[in-house]
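Participant: Predicted coordinates and the sequence they were generated for:
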Amino acid sequence: MAWTLLIRNGTVVDGSGAAGYAADVAVEGDRIVAIERRLAGEAKRTIDASGLFVAPGFIDIHSHSDLFYLGCPAAESKIRQGVTTEVVGMCSFSPAPIAPGQAATVRDWAGGIGASADFPWETFGQYLEALRAIRPSINVVQFVGHGALRLAAVGPENRPVSPADTRTMSRLLDEAMDAGAYGYSTGLVYPPSAYSVTAELVDLARAMARRGGLYFSHVRGESAMVEDSIREAIRIGEDADVGVQIAHVKVGGRENWGKIDAVLRLIDDARARGVDVSGDVYPYHAGSTKMDNLLPAWVHDGGLPKLLERIGDRATRRRIVEECLVDGERWRTVSQGAIGFDEILIATCRRHELEGLTLAALARQSGKRNVFPLVGVDANLVHGWPLLSAAWTAGMRLWGRVGHHVKQEASRFIPSTLTPV
């Protein structure tokens, strides 16, 4: 009987950590059935992989593709690069749950990172049913976002949660776990997740601990407060007895770059005392976020309509600039450090002619003063550290329409930076 597929003359990198070795690979149906130095036999299709690597599909450990699958179930921008599994629902963002009548609020919130689809469901289970119905070409590991939980239980307001709010969020989390979620994620620089306190997050983590849920966190600050933020993530896992994944481990702002050694020591020390904590890191020297995240957290209180109302007021804009502008040419936020306007690239914009410009170039072009920057990152020291996986972080895009996402949203997942585990 002929095999379905025979891959000859390639160098097999099997993900075990072993060095690559020359071998042929035979596939029958959807299963690898033989790996040998030289396979004799016929196949319906044969690929000559001379000079190429043959590897299992890559796992993108941190992605936002769940906000795009409905519009692009083929996920070609990931599949064509060898990514066959994505972990999604990251940084507090997920398409569900949604409180009755709150679909527009969730759409505004998720739209900040590129989502444009309607959300015609309410429960997490209904969302997963819709996802299964379109049969995405990629394997999906779905988390529920803390921001989605908080919007459904509390709304977009900046206020402490009540015991009733906590019960509601725990119930929604439990329902999501029943439906198939692997745990919950936070994005503690993104409202409304940013409005939480540590105790709220520990309570939710405890609620899923018996189910084996995992806690994935974009921590509260990645610049001046990075060490305290890493400690908080570790504490949540330690107090609730759940596994912790720290998203895109880095230190933002040049003035803080020397802190990365201390960050890695915190993770090492926690593991030494038995905490199940690891992290992921960009495979490039850049970061990405939505532009409104460069505004202080108080500007977001009440959701997008309130944000637009505030930045439409001249006195409020002056207050924002006074809080954040540094030396007339750099922008500093508590969570992200300081960065120059010439270092911020516009990746996605409804006015596509602006994509690829820096804010400094846009200011020169428009004749106006610089306003809001993005994020600065030092990733040099974390690549190759054994407890960090490479993560693309962005969601997939329609093939051929990746625009100017050259550092992140885009275009290239970089397998050469992966450390087999």
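Facilitator: Sure, I can see it.
Participant: what does stretch 179-186 contact?
Facilitator: The contact list for stretch 179-186 (C-beta atoms under 8 Å, 6 or more residues apart in numbering) reads 87, 89-94, 123-125, 128, 141-147, 149, 173, 176-177, 193, 196, 201, 204-205, 208, 213-218, 242-243, 247. C-beta coordinates here come from the backbone N, C-alpha and C atoms, glycine included.
Participant: give me the low-pLDDT residue ranges for the chain?
Facilitator: Along the chain, the model assigns pLDDT under 70 to residues 1, 112-117, 327-330, 333-338, 368-421.
Participant: what residues go with each domain of it?
Facilitator: If the domains of the chain are taken from automatic domain parsing, they occupy 5-54, 58-289+380-417, 293-366, with pieces of a single domain joined by a plus sign.
Participant: Take those and write them to JSON lines, including mean neighbour count.
Facilitator: Formatted as JSON lines, the entries for the domains of the chain read as follows, by neighbours: other C-beta atoms under 10 Å:
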{"stretch": "domain 5-54", "mean neighbour count": "14"}
{"stretch": "domain 58-289+380-417", "mean neighbour count": "20"}
{"stretch": "domain 293-366", "mean neighbour count": "16"}
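Participant: Tell me which of the contacts of stretch 179-186 fall in strands.
Facilitator: Members of those lying in strands (criterion: DSSP state E): 87, 141, 142, 144, 145, 214, 215, 216, 217, 218, 243.
Participant: got a list of what the second one touches?
Facilitator: Spelled out, it's residue 141. Listed by C-beta under 8 Å, 6+ apart, the contact set of residue 141 reads 85, 86, 87, 88, 182.
Participant: So what pairs up with it in the strands?
Facilitator: Counting by DSSP bridges, residue 141 is bridged to residue 87.
Participant: roughly how far apart are it and residue 94?
Facilitator: 12 Å (C-beta to C-beta, to the nearest Å).
Participant: Over to residue 41?
Facilitator: Residue 41 is 46 Å from residue 94, by C-beta to C-beta.
Participant: Please apply the same query to residue 69.
Facilitator: With distances taken as C-beta to C-beta, residue 69 is found 12 Å from residue 94.
Participant: With residue 210 instead?
Facilitator: When residue 210 is compared with residue 94 (using C-beta to C-beta), they lie 21 Å apart.
Participant: anything in contact with each of residue 141 and residue 94?
Facilitator: Taking C-beta under 8 Å, 6+ apart as the contact definition, residue 141 and residue 94 share the neighbouring residues residue 88.
Participant: Could you export stretch 130-141 as PDB, CA atoms only?
Facilitator: Output in PDB follows, covering the C-alpha atoms of stretch 130-141 (Å, rounded to 0.1, in the frame of the first residue of the first chain):
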ATOM      1  CA  ALA A 130     -19.600  29.400  16.200                       C
ATOM      2  CA  LEU A 131     -15.800  28.800  16.000                       C
ATOM      3  CA  ARG A 132     -16.200  25.100  15.500                       C
ATOM      4  CA  ALA A 133     -18.800  25.700  12.800                       C
ATOM      5  CA  ILE A 134     -16.400  27.600  10.600                       C
ATOM      6  CA  ARG A 135     -13.700  24.900  11.000                       C
ATOM      7  CA  PRO A 136     -10.600  27.000  11.200                       C
ATOM      8  CA  SER A 137      -7.500  25.400   9.600                       C
ATOM      9  CA  ILE A 138      -5.500  25.800  12.800                       C
ATOM     10  CA  ASN A 139      -5.700  24.100  16.200                       C
ATOM     11  CA  VAL A 140      -7.100  26.600  18.800                       C
ATOM     12  CA  VAL A 141      -6.300  26.700  22.500                       C
END
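Participant: Distance from that stretch to the middle of the chain?
Facilitator: 18 Å (C-alpha atoms, centre = their mean, to the nearest Å).
Participant: And stretch 36-46, by the same measure?
Facilitator: 40 Å.
Participant: Could you list the residues in contact with it?
Facilitator: Counting by C-beta under 8 Å, 6+ apart, 2, 3, 4, 5, 6, 7, 8, 22, 23, 24, 25, 26 sit against stretch 36-46.
Participant: Redo the residues you listed as a markdown table? Include distance to residue 312.
Facilitator: A markdown table is the format used below for these (distance: C-beta to C-beta, whole Å):
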| residue | distance to residue 312 |
| --- | --- |
| 2 | 68 |
| 3 | 65 |
| 4 | 60 |
| 5 | 59 |
| 6 | 64 |
| 7 | 59 |
| 8 | 64 |
| 22 | 64 |
| 23 | 63 |
| 24 | 65 |
| 25 | 60 |
| 26 | 64 |
